[in-house]
Structures are given as C-alpha cells and as structure tokens.
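Chemist: sharing a sequence plus its predicted fold:
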Amino acid sequence: MRLSSTSVREIISRDSFCAPEVAIFRSIEKWVAANSVNTEEINSVLATVRLSLMSTQELLSVVRPTGLVPPDVLLDAIATRTTELSPCDSQLKYRGNLRKFFWIRQHFEKFIII
C-alpha cells in the first residue's frame, strides 16, 4: 500500500509515535525506495525526523551514507545534540516515553557510579 507523503508526515510527526529515531529514518528510507516521490515530498517527510535525537554514530553511519540529508543538516543535528544540556534537561523534542527512558537511564547510571 502506498502512503502519501502527507500521511507519512502526519504519522511520524506525532509526539506519541514512540520509536527510536534511527528506526523512523530507516523506515522513511524504505518508503522513498518503494515509492516514486519527488524531492519536495522527501524533504517534507525528512523534516519531521528528529535528527538531533540520534547519536552521532547513527547520523554518520546510517543517515549520511543514504545521501537523503544534506551535510549541513547533519552538522546542525550534531551541533544541537552536543551543545544542549544532558538529555533529561534539554529542549530536544522527545517522542512518547523515550524522554522518560533517558531520564531514568541517566539517573540510574549516576546511582550505580556513586
């Protein structure tokens, strides 16, 4: 079944769409490959991917090789990720319960270290 770019964009732009951002990106990559979509449609869908929620490793090893995201956008995502405060204190727009997971993980690790 072919989903329009509008449908894909509406689904993945939801804060309640709880999935790792790298999985969302890989799904969009498959959607692009399976559908004849123009650059404008691709860019509008990719704009809903929260690249700054991906690790630098994911951005460089998963996103960059596809050529779907311009280098400047990747650099902006890395800059946002590295200049924000810790994940639980930052202004990054998390999905679903992922923010809670990062907060628990960070605080749990602090207790383990102490």
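Modeler: Yep, that arrived.
Chemist: C-alpha from now on. contacts and neighbour counts both.
Modeler: Fine.
Chemist: return the set of buried residues in the helix or strand containing Ala23.
Modeler: Assigning secondary structure by DSSP states H and E places Ala23 in helix 21-34. Of all the residues in helix 21-34, those buried under the rule 16 or more other C-alpha atoms under 10 Å are Glu21, Val22, Ile24, Phe25, Ile28, Glu29, Trp31, Val32.
Chemist: show me the shaky parts of the protein.
Modeler: 1, 84-114 (pLDDT under 70).
Chemist: in it, which spans are strands?
Modeler: For the chain, strands defined by DSSP state E do not occur.
Chemist: what's in contact with the helix holding Ala23?
Modeler: 12, 42, 45-46, 49-51, 53-54, 58, 62-63, 66 (C-alpha atoms under 8 Å, 6 or more residues apart in numbering).
Chemist: chain center to stretch 17-30: distance?
Modeler: 7 Å (C-alpha atoms, centre = their mean, to the nearest Å).
Chemist: my bad, stretch 25-35
Modeler: With C-alpha atoms, centre = their mean, you get 14 Å for stretch 25-35.
Chemist: could I have the CA atoms of that stretch written out in PDB?
Modeler: Output of stretch 25-35 as PDB, limited to C-alpha atoms (Å, rounded to 0.1, in the frame of the first residue of the first chain):
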ATOM      1  CA  PHE A  25      14.700   7.200   9.500                       C
ATOM      2  CA  ARG A  26      15.300   3.700   8.100                       C
ATOM      3  CA  SER A  27      11.500   3.400   7.500                       C
ATOM      4  CA  ILE A  28      11.500   6.600   5.600                       C
ATOM      5  CA  GLU A  29      14.400   5.400   3.500                       C
ATOM      6  CA  LYS A  30      12.400   2.300   2.600                       C
ATOM      7  CA  TRP A  31       9.400   4.400   1.900                       C
ATOM      8  CA  VAL A  32      11.400   6.600  -0.500                       C
ATOM      9  CA  ALA A  33      12.800   3.500  -2.300                       C
ATOM     10  CA  ALA A  34       9.400   1.900  -2.600                       C
ATOM     11  CA  ASN A  35       7.500   4.900  -3.900                       C
END
